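Chemist: Just a sequence and a predicted model for now, questions to come.
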2 protein chains.
Amino acid sequence: MSGGGFRFEITGTAGAARAGVFTTPHGTVDTPAFMAVGTLATVKSLDPRDLREVGAQMILANTYHLHLRPGEDVIRELGGLHRFMGWDGPILTDSGGFQVFSLETLRRVSEDGVEFRSHIDGSLRLFTPESVIDVERALGADVIMPLDHVIPGQADEALARDASERSLRWLERARRAFERADDGAPDRAGRGPQTLFPILQGGIHASLRCEAARAIVAMGDWDGYAIGGLSVGEAKPDMYAMLDVANEALPSTRPRYLMGVGFPEDLVEGVRRGVDLFDCVAPTRMGRTGTAFTSTGRVNVRNASLKLDPRPLDESCDCSTCKRFSRAYIRHLFVASESLGLRLLSLHNVHFMISLMRDARSAIASGGFDAWSRDWLQRYHQGPDS
Amino acid sequence: MSGGGFRFEITGTAGAARAGVFTTPHGTVDTPAFMAVGTLATVKSLDPRDLREVGAQMILANTYHLHLRPGEDVIRELGGLHRFMGWDGPILTDSGGFQVFSLETLRRVSEDGVEFRSHIDGSLRLFTPESVIDVERALGADVIMPLDHVIPGQADEALARDASERSLRWLERARRAFERADDGAPDRAGRGPQTLFPILQGGIHASLRCEAARAIVAMGDWDGYAIGGLSVGEAKPDMYAMLDVANEALPSTRPRYLMGVGFPEDLVEGVRRGVDLFDCVAPTRMGRTGTAFTSTGRVNVRNASLKLDPRPLDESCDCSTCKRFSRAYIRHLFVASESLGLRLLSLHNVHFMISLMRDARSAIASGGFDAWSRDWLQRYHQGPDS
């Protein structure tokens, strides 16, 4: 479902886990991969050079937020998202569905779309499957997502069926809008084609997930598949069960993207179940609040025990934060509310997630993935040494 | 007044202006030079690699703030300020005098020193000339400052004389404490010797400035001289007149450091009057509030006129912000309160100040300084083109 230029090559497998190369008009992505989240066309406190340094190949930006600020017209006028934010690698934009359904203010779902109030100025807005495609066309990301109806993780079968079936009808409308949109229009010159990934919904109900997968596959050939509606309040075993269902139900020849997930342990569990792409705000959000991911679990950098600690955050880490700064210095920056602290910690955390996926890839390639993932999870759950 | 390792070589002059090389135990500084301010052992939002990239050679850190957080004992324990913050170039620490006298809470000056309440926790503290030297010994900067009595810029002659004479008595006590401190103690291993610069006070009263200069010179040979109590509320012509007085009254063979000054135009005016070193929080503070220094004046990056502006902040700038990002993107970051905005702008502004001093140095070396400085001031005062 694209203007061409997208390919996925699987280079190794280990059970359900796969290593591969996802090719896009803005370059290739070695999978499994973690995409850092650049909500407002910036991965908070980091710039594209920082992202390259930590090994990022593909990033995510947020349609809802960019529609409100600065607006898709501004970004189109300035040459699209890649040029606007100075990132020349692949970008994925989500559809805004998750954000709209997370708003605390009024929203109203109809068959037409979802009406909501902007969290910036309270203005009334409408997202339809078609209008979201228009916004994402203007932004110009490589991979774009259709509007979907997102529900809480513990929703019962009736609610989950209603939302999943609506999401499928919206997907069909998004697909038609996507195919109508003129990919060769002058204002897209040099920005390359885009592709639309369908989103598999169905809550924590295996039968709904299977039905939705069949409907999506029947709709046509897609360059990749997204798995939505997970990590939204359901229990972890339920999430893992749904990943097993998706792994069986979705074509294995295309990349699978697990939306909005997650923490380091979720990534390892996801890879074990055939997921290729992940995104989550956790590394930058935790970075801002003072939590470091390390190979032996999380470290709260404000902890008084770090006051005189000359060691790096993670002694097995080779990021530029760990190579240069002590826990004591980073603690000092957080205690003194210095913005360099959150930047250094975000850099470390994003590097941690990307390195984790690189290690998983190596383990799949070398045939040792099963042992590697078991060891990694055990060590991580044992907790930090400080 | 040092443990050795400090030299100043003048390589060119143009009227009162001088180009030189200031050698310290942590490297050389080409003068005239602007020192970025790392109040809490970080130049806000920038790290040492960023500082090297923009051409910084020497930076400043703040004794008052570091005494309160994290405390000089922590920094000494972690190997001193250079190692703590990962900056291996020269550092200067101020004495805390300016900060204490700027506090809005209670402070009490006596001959012994100045009593004040911490702005962090309200605890009662005492700075004496001797205790400040102890703090600065523990921090381990290359150049350190004695406690001085700072008064408002418009203070009358009686108040200015009282403060200047007290500062001279405190200087003598600081000098003795500095000479007593064991420079070869084990906890200073590898951190190199320090030098103490005297501070010339006297408000806006030429006769007081001359008297103070004579007293300072009579006290012994110093590796450099600081000019204090300017840019604290007096009129610009008064500041320039005091710089002319200092230029005549201080030995020309040592570097002169104008404390806490200033804006770009102040630096050019200062160089014209024989100043070699400057520091100011303006480039990072203005960077955080959305003001860019440019070769044609200041630009407010929140301005709506920048919304679709594809140009860099300053078309004649080669900093990494201007090489990569548009005014429209930086405006978007500020409007959306994204911390990357203040970082990119701080980087640009610090680069601007450092480049300005590099240009002044080149103009002195080539014999064209007088014309260069007049042209620069005229263009700058004409204001921005947007």
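Modeler: Right, received. Where do you want to start?
Chemist: show me where the stretch 201-350 of chain A has helices.
Modeler: A:206-219, A:236-249, A:264-272, A:282-289, A:320-324, A:327-335, A:339-366 (DSSP state H, counting those that start in this stretch).
Chemist: Take these and write them to TSV, including distance to A:A163 and mean neighbour count.
Modeler: (Each C-beta comes from the backbone N, C-alpha and C, glycine too.) Putting the helices of the stretch 201-350 of chain A into TSV (distance: least, Cβ to Cβ, whole Å; neighbours: other Cβ atoms under 10 Å in any protein chain shown) gives the following:
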stretch	distance to A:A163	mean neighbour count
helix A:206-219	9	18
helix A:236-249	14	19
helix A:264-272	22	23
helix A:282-289	25	21
helix A:320-324	41	18
helix A:327-335	40	24
helix A:339-366	29	23
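Chemist: got the residues of chain A near chain B?
Modeler: A:40-42, A:44-49, A:65, A:69-70, A:74, A:77-79, A:84-86, A:307-308, A:310, A:320, A:324-326, A:328-329, A:331-333, A:335-336, A:338-340, A:342-344 (Cβ under 8 Å from any Cβ of the partner chain).
Chemist: Pull the contacting residues for the residue in the stretch 101-250 of chain A positioned nearest to chain B.
Modeler: Using Cβ to the nearest Cβ, the closest approach of the stretch 101-250 of chain A to chain B is made by A:I120 at 9.1 Å. A:I120 sits next to A:68-69 when contact means Cβ atoms under 8 Å, 6 or more residues apart in numbering or on different chains.
Chemist: Name the SS class of it, please.
Modeler: Under DSSP: H, G, I helix; E, B strand; the rest coil, A:I120 falls in the coil class.
Chemist: tell me the pLDDT at it?
Modeler: Note on A:I120: pLDDT of 93.
Chemist: separation between it and A:L159?
Modeler: 29 Å (Cβ to Cβ, to the nearest Å).
Chemist: beta partners of the one residue sitting closest to the centre of chain A?
Modeler: Nearest to the mean C-alpha position of chain A, counting by Cα atoms, centre = their mean, stands A:D279 at 2.1 Å. Counting by DSSP bridges, A:D279 is bridged to A:M35.
Chemist: A:S164 is in what secondary structure piece?
Modeler: helix A:157-180 (DSSP states H and E).
Chemist: then that helix to CSV, C-alphas only?
Modeler: Taking C-alpha atoms only, helix A:157-180 is exported to CSV below (Å, rounded to 0.1, in the frame of the first residue of the first chain):
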residue,chain,number,x,y,z
GLU,A,157,-15.4,-8.1,24.0
ALA,A,158,-18.4,-6.0,22.9
LEU,A,159,-16.6,-2.7,23.2
ALA,A,160,-13.4,-4.1,21.7
ARG,A,161,-15.4,-5.5,18.7
ASP,A,162,-17.2,-2.2,18.1
ALA,A,163,-13.8,-0.3,18.2
SER,A,164,-12.0,-2.9,16.1
GLU,A,165,-14.7,-3.0,13.4
ARG,A,166,-14.9,0.8,13.3
SER,A,167,-11.1,0.9,13.0
LEU,A,168,-11.3,-1.5,10.0
ARG,A,169,-14.0,0.7,8.3
TRP,A,170,-11.8,3.7,8.9
LEU,A,171,-8.8,1.8,7.6
GLU,A,172,-10.6,1.2,4.3
ARG,A,173,-11.5,4.9,4.1
ALA,A,174,-7.9,5.9,4.9
ARG,A,175,-6.6,3.5,2.2
ARG,A,176,-8.9,5.1,-0.4
ALA,A,177,-7.8,8.6,0.7
PHE,A,178,-4.2,7.6,0.6
GLU,A,179,-4.5,6.2,-2.9
ARG,A,180,-6.4,9.3,-4.1
